[in-house]
Each structure stands twice: as structure tokens, then as C-alpha cells.
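Undergrad: Quick one, what's the 3D model for this:
(one chain, ligands or ions: 3)
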Amino acid sequence: MTLDIAKVALPVPLDKTFDYLIKPNTYPVIGGRVRVPFGRQHLIGIVVALTDHSDFPREQIKPLGTVIDRETLWSPALFGLLKWASQYYQYPLGDTLANAMPALLRKGREASPTALKSWALTEAGKNQPLTNLKRAPRQVQVLTVLQQGVTSHEALLAQEISSATLKALVEKGWIEEKTEQPKLNNWLKHFEVTEEKPRLNEEQALAIATVNCNPDYGCYLLEGVTGSGKTEVYLNLLEPVLAAGKQALILVPEIGLTPQTINRFKRRFNVPLETIHSGLNDTERLSAWLAGRDNQAGIIIGTRSALFTPFANLGIIIVDEEHDLSYKQQDSLRYHARDIAVLRANKENIPVILGSATPALESLHNAKTGKYHHLTLTQRAGVAQKARHGVLDIKGLYLESGLSAPLIAQMRKHLQAGNQVILFLNRRGFSPAIMCHECGWLADCQRCDIHYTFHQQTGELRCHHCGGQRPIMPQCGGCGSTQLIPVGVGTEQLEQQLATLFPEYKAVRIDRDSTRRKGSLENYLEAIKNNEYQILIGTQMLAKGHHFPNVTLVALIDVDSALFSNDFRASERLAQLFIQVAGRAGRASKPGEVMLQTHHPEHALLQDLLHKGYDSFASAALNERKQAWLPPYTYLALMRAESNDNDQVLQFLQQVRNTFETSPRFNQDVCIMGPNPAPLARRAGRYRWQLLLQAPDRKTLQQLLNIAKPMVQLLPLAKKVRWSIDVEPQDL
Ligand code: ADP
Ligand code: ZN
Ligand code: ZN
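TA: Ligands and ions are numbered 1, 2, ... in the order given. Sure thing, here's the model as predicted:
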């Protein structure tokens with residue numbers, strides 16, 4: 001029996017692998033890249049199996065092209081995890097593997113650090129009397145340098161040696177090119193703790209001891225308010241791991257990867273540290289990936305995608321702000337990095353710590369049912385006090401650009417005391433709509449089911465969904481009146497209003513519009529710390545990962561939109577935002593205050609949150625979810641479909657529904673809802689519908705999808721509409 005067939009996963013949107021004949025004397029490896037003919041082109045794919053069997057006769061199978069890797073790119077644990085993720089999230093294996101690789105590897109670049117080109121004397125060169133070369137001073141120079149030893153190409157270029165000179169010497173047979181692999185560095189030899197550690201409080205010590213007493217897999221939910229010392233716990237947990245020569249992976253939300261975060265880890269340990277995030281170029285990304293694999297980094301801190309980095313010897317995974325939405329990928333492989341981190345830890349048999357002040361309800365549920373260990377930090381480390389909070393009933397009150405008189409008065413009080421104020425409003429732009437004052441006509445994006453947002457600064461109408469923009473029209477599109485007025489309040493308008501209300505204080509707006517330029521967020525944060533601004537206006541962005549010791553008042557301008565949203569997770573997100581911002585306000589000498597403006601102060605959820613805290617809110621919310629058969633008590637998959645032809649999408653999803661309903665796995669415990677219009681029913685000219693699948697457990701959901709998906713793919717309409725499956729969707 002010879003294993004003469006390689007099964008190869010290719011980056012094509014098909015749920016299968018492709019067979020290729022292995023030519024004699026070529027040695028593809030499982031998990032390694034190969035180049036293969038595919039149609040009229042050549043593609044780079046990953047070998048997933050070597051076998052002696054194919055469903056096709058040998059003469060129909062094309063031979064494998066070149067073998068790129070002699071060793072697998074992934075450890076068995078990580079390769080297994082990627083295959084699992086492809087299955088679970090219903091995304092083709094070839095695409096999944098391609099996405100998990102740095103772009104340069106996808107393009108066929110060698111999976112090793114760039115070799116250094118250098119030059120050395122040959123035997124003939126060593127015996128060459130330099131006096132023979134009087135008329136070639138450059139050549140003499142090269143030979144003289146090389147007599148001292150092997151010299152890098154770069155170093156010679158720096159001495160203004162030309163390629164022609166080198167070539168001439170090569171032709172004479174006096175020098176030769178050498179390629180040298182960069183030396184691997186053993187960071188463990190120099191490992192040390194490089195700063196003084198604070199004395200741990202009892203809760204911190206207990207949390208650390210709990211994790212440390214079991215070196216194997218365990219998932220720990222570390223719940224502690226902002227400033228309670230979670231990062232200090234992470235640092236303490238890393239210490240024995242690094243001291244044993246093992247590596248650490250720290251995942252942070254997209255906005256959380258700030259210089260402050262990185263510096264805390266750099267200050268503590270004398271260990272090489274790499275960061276992985278969307279700002280890296282291809283070379284940097286490959287280099288970070290290799291640093292993990294070759295044990296050239298002891299610590300890797302990164303956003304979502306860092307999860308798939310290979311490690312030589314991974315010892316611990318930390319997921320900071322585990323509730324954060326940016327851990328869920330919203331396209332291609334729609335994975336949740338927190339969930340896969342737990343699975344990776346399990347496969348690698350190491351501990352994983354999920355940290356948050358406001359754990360996701362899913363995680364709390366797992367802690368309550370004993371799947372995760374629950375560790376809590378209840379005290380704020382250092383000296384900060386708990387913030388006071390109050391609800392402002394704004395029913396019937398006049399609002400000035402969204403601000404009620406009592407809030408304005410409160411702001412004045414805090415500002416006059418020399419403190420800073422944060423106002424949260426999750427709406428960019430000047431106003432979320434432009435309306436005709438005479439006939440009520442609204443300016444709508446032509447391609448989406450949504451009003452244009454008015455951006456006064458640029459005089460533009462912008463669609464926040466398709467990105468379309470146009471100058472504001474001079475006249476109403478309905479009656480021709482010129483009286484067009486902004487409706488509703490966005491951050492831009494709030495900023496303007498504040499300049500009128502508080503001319504003596506400086507306001508700054510932190511949102512995606514104002515921080516588009518690289519580094520501008522850091523600059524703003526620095527300026528805020530230096531008290532250059534007194535009023536901070538922000539969207540969600542401002543709630544995460546930053547400490548503002550001089551902020552004593554935090555106000556949520558509009559909580560009603562979250563209380564009455566269609567998305568069942570909206571209230572959870574509001575609660576998380578509230579706790580996160582409450583944690584940013586105040587310190588010992590200056591207690592903080594949080595205010596919420598609402599038309600519904602009696603709302604049970606708000607009351608729970610305000611008077612009993614996040615845990616109580618979470619228990620009540622979990623209870624509601626249980627009654628309503630929602631996650632984490634059931635498992636969801638969302639089929640999204642869109643097309644320019646409304647009837648086609650609807651018909652397609654109707655057929656999908658039938659496919660599910662006639663599947664042998666379908667039973668009474670499974671529920672299908674839809675087709676329903678997507679929250680944004682038309683976007684960029686395409687009609688969008690969705691179908692929600694709800695099952696009592698993961699297994700049933702997976703079996704349903706696994707059986708139905710191939711049948712759905714065979715539907716003639718499946719090729720006409722754009723569709724996707726989102727397993728455990730975060731946005732409904
Ligand atoms: P979190 O990550 O929960 O927001 P941090 O670990 O950043 O909390 O701690 C908040 C602040 O308190 C930091 O400045 C940190 O250095 C300090 N800190 C943490 N633990 C202790 C401790 N045991 N004793 C004194 N200061 C501490
Ligand atoms: Zn649009
Ligand atoms: Zn009009």
C-alpha cells in the first residue's frame with residue numbers, strides 16, 4: 001500500500017477537499033502547503049490527509065505541483081481546532097485555513113524568518129595577495145573586510161560596495177554568497193521580573209492560587225469591576241508560566257490594545273513581546289506569527305485574529321474584556337474568539353482566564369453551571385470609591401440637543417469644581433435624519449432602508465450603512481421647501497451645543513469620525529489626561545479600557561433606544577456600558593457620579609441594574625432568557641440572504657425553510673422563524689431577509705446544519721442570491 005493521494009484543502013468556497021497524485025520523491029506533509037493545478041490556474045492549498053484511496057480513477061487525478069512546506073504549519077492541537085472551527089461555523093475548510101495564515105504564507109512565502117544574505121572568502125580568495133588588485137580598490141576593500149569574517153550583504157552595501165563589484169569577485173571565484181538563518185534567541189536565559197510588584201489583596205491571592213493549583217486545562221471567569229486589579233492577576237499568573245519557559249497569549253478587544261496595556265506587560269517581565277492587530281503590514285504579521293511558532297516571543301498580545309497564532313509551547317491564555325463584541329468575527333469564518341480560546345486551552349491542556357467587569361450572560365451561565373470556575377474581585381484596588389448613580393426622568397422635559405436642564409445643572413457643578421465630565425451618545429454625526437419642516441419629508445439613502453445622517457462639519461449627508469454620501473440638498477424632495485431641519489441628536493450636534501452652553505470649557509468628541517487618523521485617539525487620550533479638555537463626548541469607543549481619574553460625572557444621554565430594541569442582547573449591552581462607564585468615574589478624593597436620562601425610570605431592568613448591581617441584573621436577565629427560550633438556554637443559527645431581487649431572496653429562504661423542515665433531524669424541539677426582513681431590510685440596493693434556527697442543544701443544531709447545508713447548496717437559487725450561515729450570531 002502506498003499513500004499516493006494527497007487530499008488538499010484549497011481556498012475556494014466549496015465544502016470539500018481535492019485529490020492529487022503524489023509524484024515519486026516528493027513528500028507532502030499533513031498541515032503543510034502545496035501548490036496544485038486547479039482549473040487553469042495554480043492554487044496554494046493545505047494537505048489535510050495522505051491516503052491510498054480516491055473515489056476517482058488514478059488517470060483522472062492531476063499530479064500535485066510543488067511541495068512548499070517540509071513541516072506542518074500547525075501543531076496537531078491547533079490544526080484540529082481549525083478543522084473543528086470550519087465544521088462548527090459552517091465555513092469551508094480551505095478558506096478557514098487560508099484565513100488563519102498570514103497573507104505572505106498564503107502567497108507561498110517560506111515559513112521561516114527571512115534568511116540573511118552574507119558574503120565570505122573562498123579558499124582561493126583567502127590566498128589572494130591584495131597587491132595584485134591595485135587597479136580595483138573596491139575589490140580590495142571587499143576582500144579586506146571579508147578577511148575579518150563573514151559579512152552581511154547589508155553591511156557591504158552600507159560601505160557603498162556595488163553589486164557589480166561583488167559579481168566580479170564571484171566570477172573570479174574569490175568570494176561566495178552565504179545564507180544564514182537568523183539565530184534563535186533563548187529568552188528564558190534572561191527571564192526576570194523587572195519591576196516591584198504590589199502586595200496582593202486577599203481576593204487576588206485567592207484567584208491566583210486557584211488557577212495555579214491546577215496546571216492543566218481549566219476555564220476561569222475572573223469577574224471584577226474596573227480597577228479591581230484583574231490585570232495585576234494576569235501578570236501574577238504569567239510569572240510562573242514564563243519562568244517555566246512557556247508562552248502566554250493575551251487577547252484584548254480591538255480598542256483595548258493601547259500602549260498602556262502593552263507597557264504594563266513590558267515593564268513587568270524581561271521577555272520578548274509581540275503584538276498582533278489589524279494595523280500590522282504583511283511582513284510584520286508573518287514575523288509575529290513566526291515569533292510565536294519559534295518561541296521568539298514569550299508574550300503575544302493581540303486582537304481576535306491572534307487566537308490562531310501557532311506557539312512552540314503555549315502555557316496560558318487570557319481573554320480580557322471577554323464580553324466584548326469585537327471577539328465575534330462578523331464575516332467569512334464567523335467565529336467567537338472567546339469561545340475558541342476556551343476550546344484551544346482545552347486541546348492544549350492549559351488554563352484559560354476570561355476577565356471582565358461585566359461578563360457575558362453566556363459566561364456567567366457557564367460559571368453558574370460549573371463549567372467555568374468563578375473568581376471574583378469585589379474591591380477596587382488602590383483607593384478609588386464606588387460611583388454614585390441616579391436616573392433622570394426626562395418625560396416632558398425640554399431637551400437642548402438631548403440634554404435636560406437637571407443634567408446641564410449637574411454638569412455645571414462638576415465642571416466648576418475643576419473636574420471632567422463624559423457624555424455618552426452612541427450616535428455619530430450631527431443628526432440621525434434631515435426632515436422637511438413643511439411636509440415632513442425625510443432624506444433617505446436611495447440604496448438602503450434608512451435615513452441619511454447629517455454631518456454638518458462636512459455639509460454632507462452620509463449613509464451609515466452603505467457608506468454612500470452626497471452634499472445636502474438645497475430643497476425638500478417632496479414639496480420643494482427650503483426649510484430642511486435636523487431631527488434627533490448625534491455627537492456632532494452635542495459638541496456644538498456644548499460650545500454654546502459652556503463656552504468657558506473645552507469639549508472634545510471621540511468617535512469613529514474624529515479618530516479616523518492613525519494615532520489621533522492616543523493624542524486625544526493624552527490631552528484628556530492633561531486636562532486640556534473638560535467635557536468628553538463619546539460613543540461606545542470611550543467606554544473601553546481607559547482610565548480617566550479626573551472624570552467625576554458620566555452621563556448616558558439616551559438609554560431608551562437600548563431598553564426597547566429588537567435585539568434581545570441590547571439590554572445586556574446597555575448594562576455592560578453602564579457598569580463600564582461607572583467604573584471610569586472618580587477616585588478616592590473625588591467620588592464619581594453616573595446619570596442616565598430615560599423616559600422609563602421604572603423599567604425593571606434599569607432598577608435592578610441601579611440598585612442591585614450587574615450580577616442581579618444578570619440573574620434577572622438570564623431568567624428572562626430562560627423563559628423566552630433564548631441563548632444560553634438554546635442555540636441559534638442565522639441564515640442571511642440578500643439580492644437585488646426581493647422575490648428571489650424570499651423564495652430562496654422559503655425553500656431553505658422547507659429543506660430544514662423535511663430534514664430527518666427536524667423535530668418539535670427545533671424552531672424556525674422567518675423568513676423575516678433583516679433589521680436593515682434594504683442595504684446598498686439589496687433586499688435582505690433572514691431565517692432564524694433555534695435548537696435546544698449544540699448537537700441538534702449542528703446535525704441539522706450538516707444535513708441541510710449540502711441540500712441548500714443544490715438549490716438553483718443558492719447560486720443567484722448571496723447567503724451565509726452565522727452560528728451563534730451576536731447580532732440579530
Ligand atoms: P483592572 O485590570 O481590573 O482594571 P488593574 O490591575 O489595572 O485593574 O488595577 C488597577 C490599579 O490598581 C492599577 O494601577 C494597579 O497597578 C493597581 N493595583 C492592582 N492590584 C493592586 C494591589 N494589590 N495593591 C495595590 N495596587 C494594586
Ligand atoms: Zn445607504
Ligand atoms: Zn417638504
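Undergrad: what about the residue nearest to residue 614 when sequence neighbours are not counted, distance to ligand 3?
TA: Distance criterion Cβ to Cβ, 6 or more residues apart in numbering; nearest residue to residue 614, sequence neighbours excluded, is residue 579 at 5.0 Å. To be clear about C-beta, it is placed using only N, CA and C from the backbone, and glycine gets the same treatment. Using Cβ to the ion, to the nearest Å, residue 579 is found at 44 Å from ligand 3.
Undergrad: and what of residue 611?
TA: 47 Å.
Undergrad: repeat for residue 675
TA: 35 Å.
Undergrad: and if you look at residue 51?
TA: 70 Å.
Undergrad: Pretty sure that residue sits against residue 5.
TA: Yes: contact criterion Cβ atoms under 8 Å: residue 51 and residue 5 qualify, at 5.0 Å.
Undergrad: picking that back up, ok but the residue nearest to residue 614 is inside a helix, no?
TA: Yes: assessed with DSSP: H, G, I helix; E, B strand; the rest coil, residue 579 lies in a helix.
Undergrad: contacting residues for it?
TA: 225, 357-358, 609, 614 (Cβ atoms under 8 Å, 6 or more residues apart in numbering).
Undergrad: please redo it, this time with the cut-off set to 7 Å
TA: Applying Cβ atoms under 7 Å, 6 or more residues apart in numbering, one finds that residue 579 lies in contact with 357-358, 614.
Undergrad: still on that earlier bit, so which of residue 51 and residue 5 has more stuff around it?
TA: residue 5 (20 against 12; other Cβ atoms under 10 Å).
Undergrad: thought that one was touching residue 57?
TA: No: look at residue 5 against residue 57 with Cβ atoms under 7 Å: they stay out of range, at 11.7 Å.
Undergrad: Give the burial count for residue 655, as a bare number.
TA: 17.
Undergrad: So it, which state does it fall into?
TA: Under three-state DSSP, residue 655 comes out as helix.
Undergrad: Okay, it and ligand 2: tell me how far apart.
TA: From residue 655 to ligand 2 the distance is 28 Å (Cβ to the ion).
Undergrad: residues touching that residue, list them.
TA: Shown in contact with residue 655 (Cβ under 7 Å, 6+ apart): 715, 717.
Undergrad: Could I get the pLDDT score of it?
TA: On pLDDT, residue 655 comes in at 96.
Undergrad: for the one 5 residues further on, same thing?
TA: If you check residue 660, the pLDDT there is 93.
Undergrad: Quick check: which element contains it?
TA: Taking DSSP states H and E as the definition, residue 660 sits inside helix 646-661.
Undergrad: And for residue 621?
TA: helix 614-627.
Undergrad: Can you give the strand pairings for the helix or strand following that helix, parallel or anti for each?
TA: Counting by DSSP H and E, the next helix or strand C-terminal to helix 614-627 is strand 635-643. Applying DSSP bridges, strand 635-643 is found paired with strand 686-695 (antiparallel), strand 722-727 (antiparallel).
Undergrad: List the buried residues for stretch 720-732?
TA: Across stretch 720-732, burial judged by 16 or more other Cβ atoms under 10 Å covers 721, 723, 725-730, 732.
Undergrad: Now tabulate those residues in CSV and tack on pLDDT.
TA: Output for these, formatted as CSV (pLDDT from 0 to 100):
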residue, pLDDT
721, 95
723, 95
725, 95
726, 96
727, 96
728, 94
729, 93
730, 89
732, 75
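Undergrad: out of these, who's nearest ligand 2?
TA: Nearest to ligand 2, judged by Cβ to the ion, of those is residue 721 at 19.5 Å.
Undergrad: where does the stretch 101-250 of the chain have low pLDDT?
TA: Nowhere does the stretch 101-250 of the chain drop to pLDDT under 70.
Undergrad: should've said the stretch 301-450 of the chain
TA: If you take pLDDT under 70 as the line, the stretch 301-450 of the chain has these spans: 381-386.
Undergrad: What segments of it are helices?
TA: Using DSSP state H, counting those that start in this stretch, the helices of the stretch 301-450 of the chain run over 337-348, 361-368, 405-416.
Undergrad: Turn those helices into a markdown table, including mean neighbour count.
TA: Converted to a markdown table, the helices of the stretch 301-450 of the chain look like this (neighbours: other Cβ atoms under 10 Å):
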| stretch | mean neighbour count |
| --- | --- |
| helix 337-348 | 21 |
| helix 361-368 | 21 |
| helix 405-416 | 16 |
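Undergrad: can I get those helices in CSV with distance to ligand 2?
TA: Listed next are the helices of the stretch 301-450 of the chain as CSV, based on distance: least, Cβ to the ion, whole Å:
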stretch, distance to ligand 2
helix 337-348, 29
helix 361-368, 32
helix 405-416, 33
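Undergrad: thinking again about what came up before, between the strands paired with strand 635-643, which one is nearest to residue 527?
TA: strand 722-727 (39.6 Å; Cβ to Cβ).
Undergrad: Could you list the contact residues of this protein toward ligand 1?
TA: Counting by Cβ under 6 Å from any ligand atom, the residues of the chain close to ligand 1 are 198-201, 204, 224, 226-232, 381-382.
Undergrad: go with 8 Å
TA: Neighbours of ligand 1 within the chain, by Cβ under 8 Å from any ligand atom: 198-201, 204, 224-235, 264, 320, 355, 357, 377, 380-382, 547, 583.
Undergrad: The residue of the stretch 601-732 of the chain at minimum distance from ligand 1: neighbour count?
TA: Ligand 1 sits closest to residue 614 of the stretch 601-732 of the chain, with a gap of 14.1 Å, by Cβ to the nearest ligand atom. Per other Cβ under 10 Å, the neighbour tally for residue 614 reads 22.
Undergrad: again with residue 181
TA: Other residues lying near residue 181 total 10 when counted by other Cβ under 10 Å.
Undergrad: Excluding chain neighbours, what is closest to it?
TA: Closest residue to residue 181 apart from its sequence neighbours, by Cβ to Cβ, 6+ apart: residue 115 at 5.8 Å.
Undergrad: now residue 703
TA: Nearest non-adjacent residue to residue 703 (Cβ to Cβ, 6+ apart): residue 665, at 4.6 Å.
Undergrad: who's in contact with the one you found?
TA: 700, 703-704, 707.
Undergrad: so which of those residues is the most crowded?
TA: residue 704 leads these on contacts (other Cβ under 10 Å) with 22 neighbours.
Undergrad: That residue touches residue 660, doesn't it?
TA: Yes: if you go by Cβ under 7 Å, residue 704 and residue 660 touch, sitting 6.3 Å apart.
Undergrad: what is in contact with those two at once?
TA: Common neighbours of residue 704 and residue 660 (Cβ under 7 Å, 6+ apart) are 666, 693.
Undergrad: just to revisit the earlier point, whichever of the residues of the chain next to ligand 1 end up buried, select them in ChimeraX.
TA: Here is the ChimeraX command that selects the buried residues among the residues of the chain next to ligand 1 (16+ other Cβ under 10 Å):
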select :200,201,204,224,225,226,227,228,229,230,231,232,233,234,235,320,355,357,377,380,381,583
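Undergrad: Show me the residues of the chain next to ligand 1 that map onto helices.
TA: Mapping these onto helices (DSSP state H) picks out 204, 230-235, 264.
Undergrad: Give the buried residues for the longest strand belonging to the chain.
TA: Longest strand in the chain by number of residues (criterion: DSSP state E): strand 671-683. Buried residues in strand 671-683, counted by 16+ other Cβ under 10 Å: 672, 674-675, 677-678, 681-683.
Undergrad: That strand pairs with which strands?
TA: Here strand 671-683 is paired, per DSSP bridges, with strand 686-695 (antiparallel).
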